[in-house]
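Colleague: I would like to see how this sequence folds:
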Amino acid sequence: MEPIYLDHAATTPMDKEVIDAMYPVYQHIFGNPSSVHSFGRKARKYLDDARRAMATSIHANEKEIIFTSGGTEADNLAIIGTALGNRDKGKHIITTRQEHHATLRAAEFLEKNGFDVTYLPVYEDGKIRVEDVKNALKEETILVSIMFVNNETGIIQPIKEIGELLEDHLAYFHTDAVQAFGLLDINVRELGVNLLSVSSHKINGPKGIGFLYVEEGIQLNALQFGGEQERKRRPGTENVVSVVGFHKAVELAMENKEKRRETYQTHKELFLSGLKENEIHFEINGDYDSQIASTVNLSFPGANVEQLLTNFDLSGIAASSGSACTAGSVEPSHVLTAMFGNNNPCTTNSIRFSFGIYNTEENVIEAAERVAKIVKRLTK
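Modeller: I've put the predicted structure just below:
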């Protein structure tokens, strides 16, 4: 039985071209990018080339890109670093109840250290409301952090409208774009975003590498202490080989963005059609027309998440009950709870399916057949 991977929102397999780009660096480029000799300069060139590519991908300046160990560190640095660097202007922060735990835990840390955090509600369509952001703003608000695309539902948030709202306010605007990058067009200038987080392993690059865009002029406190790498904001010798892999993954994502969007949308529609043809009762969590192409979150009335995932796995189907960072937890989804309220059945009967570059029409159709059989058996 062929295993079928439908959990690309959790992580993606590395593209062969990414592996091929990294291999020579493992073999030949070992210098420290901070060293002035030829070995260091060779490593530095790879770093500089990658930084320019990352900046270009979001219409930023290369000096505004900080390499991190991934999306979690980027979120932490953006939120805690900005809060600590600007607390003389105010101590109020706005975020939402459906953020990734990297954001929520950072906000909780700040609350314990004297900051005031407002958590905005999320509605049944999976979106927040710009009006709620407006009503929550205070004179002392220094940061607004709202994810671009939710990692569990795939729902796109009104980032441009929020950026326009904040244009004349002193608050900085951060967005976690980990699920958006590579599929949506991102122009930080047009969006009015001041800080933006990206992770490599969501776009078929290596794990353990990401970047944070920080608009020039923002006071951002470092959270680690050591050397003066990454413009004194993130010390430590740079991970050159992973940066090279990330660089290649970004190039491929930018080249194939439109094609991937169309392909993933087709796969999603094929999958849902397969369930319908098998007369499976399901409900889509959130507004389908506002979803990113690659992701759909389905509620199966009468089913149970743990039973579903266990049986899917035994049949070779990889899916998820939400964020991979809470995998193994029996707690209801905090995102779906924010959308539908406590004790709503969908918080414990919903599965996220997400599509990627190695899915085919054939294995998506096969996946729908296997899922349908399991759901029928478990909901008799």
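
Colleague: Where does the prediction get shaky in the stretch 51-200 of the chain?
Modeller: Within the stretch 51-200 of the chain, no stretch falls below the threshold (pLDDT under 70).

Colleague: Tell me the secondary structure at the most centrally placed residue in the chain.
Modeller: For the chain, Val178 is the residue whose C-alpha lies nearest the centre (Cα atoms, centre = their mean; 2.4 Å). Under DSSP: H, G, I helix; E, B strand; the rest coil, the three-state class of Val178 is coil.

Colleague: For Leu110, grab the count of nearby residues.
Modeller: The local packing of Leu110 (other Cβ atoms under 10 Å) involves 21 other residues. C-beta here means a position set from N, CA and C on the backbone, and glycine is covered the same way.

Colleague: from here on, count from 347
Modeller: Renumbered: residue one is now 347, and that last one reads Leu456.

Colleague: Determine whether the claim that it is in a strand is correct.
Modeller: No: Leu456 sits outside any strand when classified using three-state DSSP, being helix.

Colleague: who's in contact with it?
Modeller: By Cβ atoms under 8 Å, 6 or more residues apart in numbering, Leu456 lies in contact with 425-426, 429, 439, 463.

Colleague: ok, Gly436 touching Glu486?
Modeller: Yes: counting by Cβ atoms under 8 Å, Gly436 touches Glu486, with 3.0 Å between them.

Colleague: more neighbours, those two?
Modeller: Higher neighbour count among Gly436 and Glu486: Gly436, with 18 against 14, using other Cβ under 10 Å.

Colleague: chain center to the helix or strand harbouring Ala718: distance?
Modeller: Under the criterion DSSP states H and E, the helix or strand holding Ala718 is helix 707-724. With Cα atoms, centre = their mean, to the nearest Å as the basis, helix 707-724 stands 27 Å off its chain's centre.

Colleague: list the buried ones in that helix?
Modeller: For helix 707-724, the neighbour count (16 or more other Cβ atoms under 10 Å) marks 709-710, 712-714, 716-718, 720-721 as buried.

Colleague: picking up where we left off before, pick the one among the contacts of Leu456 closest to Asn602.
Modeller: Using Cβ to Cβ, Ile425 is the member of these that lies nearest Asn602, at 31.2 Å.

Colleague: List the residues that contact that closest one.
Modeller: Counting by Cβ under 8 Å, 6+ apart, Ile425 has contacts 439, 441, 449, 452-453, 456, 489, 491, 520.

Colleague: Distance of Leu537 relative to Val468?
Modeller: 20 Å (Cβ to Cβ, to the nearest Å).

Colleague: Who has more neighbours out of the two?
Modeller: Val468 (26 against 22).

Colleague: if I read this right, the more buried one contacts Glu445, doesn't it?
Modeller: No: look at Val468 against Glu445 with Cβ under 8 Å: they stay out of range, at 9.6 Å.

Colleague: Strands of the stretch 547-696 of the chain, start to end?
Modeller: 556-560, 629-630, 641-645, 663-664, 696-700 (DSSP state E, counting those that start in this stretch).

Colleague: before we move on, the earlier item: could you say what helices and strands the helix holding Ala718 packs with?
Modeller: strand 350-351, helix 603-623, helix 651-660, strand 663-664 (3 or more Cβ pairs under 8 Å, 6 or more residues apart in numbering; DSSP states H and E).

Colleague: Indicate which one of those is closest to Ala399.
Modeller: Using Cβ to Cβ, the nearest of those to Ala399 is helix 603-623, at 14.1 Å.

Colleague: what does the closest one contact?
Modeller: Under Cβ under 8 Å, 6+ apart, the answer for helix 603-623 is 352, 528-529, 531, 599, 628, 639-642, 644, 699, 701-703, 705, 707, 710-711, 713-715, 717-718, 721.

Colleague: returning to that earlier point: most widely separated two among the contacts of Leu456?
Modeller: Maximum distance among the contacts of Leu456 (Cβ to Cβ): 11.9 Å, for Ile426 and Val463.

Colleague: returning to that earlier point: the helix holding Ala718 to strand 696-700, inter-axis angle?
Modeller: Counting by axes from the mean of the first three to the mean of the last three Cα atoms, to 10 degrees, helix 707-724 points 170 degrees away from the direction of strand 696-700.

Colleague: model confidence over helix 707-724, on average?
Modeller: Per-region confidence: helix 707-724 scores 98 on mean pLDDT.
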